[in-house]
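Visitor: pasting a predicted model and its sequence here:
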Amino acid sequence: MAEGRICVGSIAGAFGVQGEVRIKSFCADPEAIAGYGPLFTKDGTRSFAIKLTRPVAGGLGARISGVTTKEQADALRGTDLYADRARLPSLPDDEFYHSDLIGLDVYDTGGVLLGTLRAVHNHGAGDLLEVYAPNRKQPLLLPFTREAVPTVDLTARRIIANLPEGLD
């Protein structure tokens with residue numbers, strides 16, 4: 001993926017028979033995805049202008065440039081869509097783009113390195129930080145709350161975690 005781009009959504013498949021697609025938006029305001037264009041594939045080899053058409057089950061209906069048939073739309077199923085970071089809004093001090101967190105070292109409140117943040121997951125009950133440590137059989141999953149993660153320092157590239165009881 002090209003530096004300076006952030007994943008803002010994904011093409012979930014075709015919608016209808018005339019090339020419309022269903023888009024799953026990862027934006028706080030799902031419809032804002034249309035204003036961040038053009039959107040790019042992960043490798044940056046393709047770009048798309050997007051025009052939202054209507055809300056649909058599981059996302060938003062959209063027309064994307066260069067796609068006029070159901071077969072073309074189906075072929076794009078699972079394609080992640082990336083926007084240039086400069087087109088995205090600035091965030092308040094206590095909010096972060098997931099891509100800014102990936103790769104940060106995670107320390108406990110005593111200064112002991114726990115591992116490196118590999119992913120941020122959300123299965124509907126809030127964000128979970130997946131921390132990989134070479135000495136652990138399974139990654140550590142931390143709730144991304146102020147209580148469990150009191151400090152995120154992007155400048156120092158580190159996260160301080162207050163491990164909930166039973167997670168150490």
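Guide: Perfect, I can see it now. Numbers count the residues shown, from 1 in each chain.

Visitor: who touches stretch 16-33?
Guide: Contact with stretch 16-33 is made by 7-15, 36, 39, 50, 52-53, 56, 58-64, 67-70, 72-73, 76, 81, 83, as judged by Cβ atoms under 8 Å, 6 or more residues apart in numbering. Quick note: C-beta positions are derived from backbone N, CA and C, even for glycine.

Visitor: the residues you listed, buried ones only, as a ChimeraX selection?
Guide: Remark: buried members of these, expressed as a ChimeraX selection using 16 or more other Cβ atoms under 10 Å:
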select :7,8,9,10,11,12,13,14,15,36,39,50,52,56,59,60,61,62,63,64,67,70,73,76,81,83
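
Visitor: among the contacts of stretch 16-33, which are located in strands?
Guide: Members of these lying in strands (criterion: DSSP state E): 7-14, 39, 50, 52-53, 56, 59-64, 81, 83.

Visitor: I11 and T145: what is the separation?
Guide: Using Cβ to Cβ, to the nearest Å, I11 is found at 32 Å from T145.

Visitor: as PDB, could you dump the C-alpha coordinates of the helix or strand of the chain with the lowest mean pLDDT?
Guide: The helix or strand of the chain with the poorest confidence is helix 98-101; it has a mean of 86 (mean pLDDT, DSSP states H and E). Taking C-alpha atoms only, helix 98-101 is exported to PDB below (Å, rounded to 0.1, in the frame of the first residue of the first chain):
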ATOM      1  CA  HIS A  98      -6.000   2.600  13.100                       C
ATOM      2  CA  SER A  99      -3.200   2.700  10.600                       C
ATOM      3  CA  ASP A 100      -1.300   5.100  12.900                       C
ATOM      4  CA  LEU A 101      -1.400   2.600  15.700                       C
END
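
Visitor: buried residues in that helix?
Guide: Going by 16+ other Cβ under 10 Å, helix 98-101 has these buried residues: H98, L101.

Visitor: okay, now the domains of the chain?
Guide: Domain assignment for the chain, taken from automatic domain parsing, gives 5-87, 98-161.

Visitor: what's the first-to-last distance across the longest one?
Guide: By that I understand domain 5-87. Taking Cα to Cα, to the nearest Å, domain 5-87 runs 9 Å from one end to the other.
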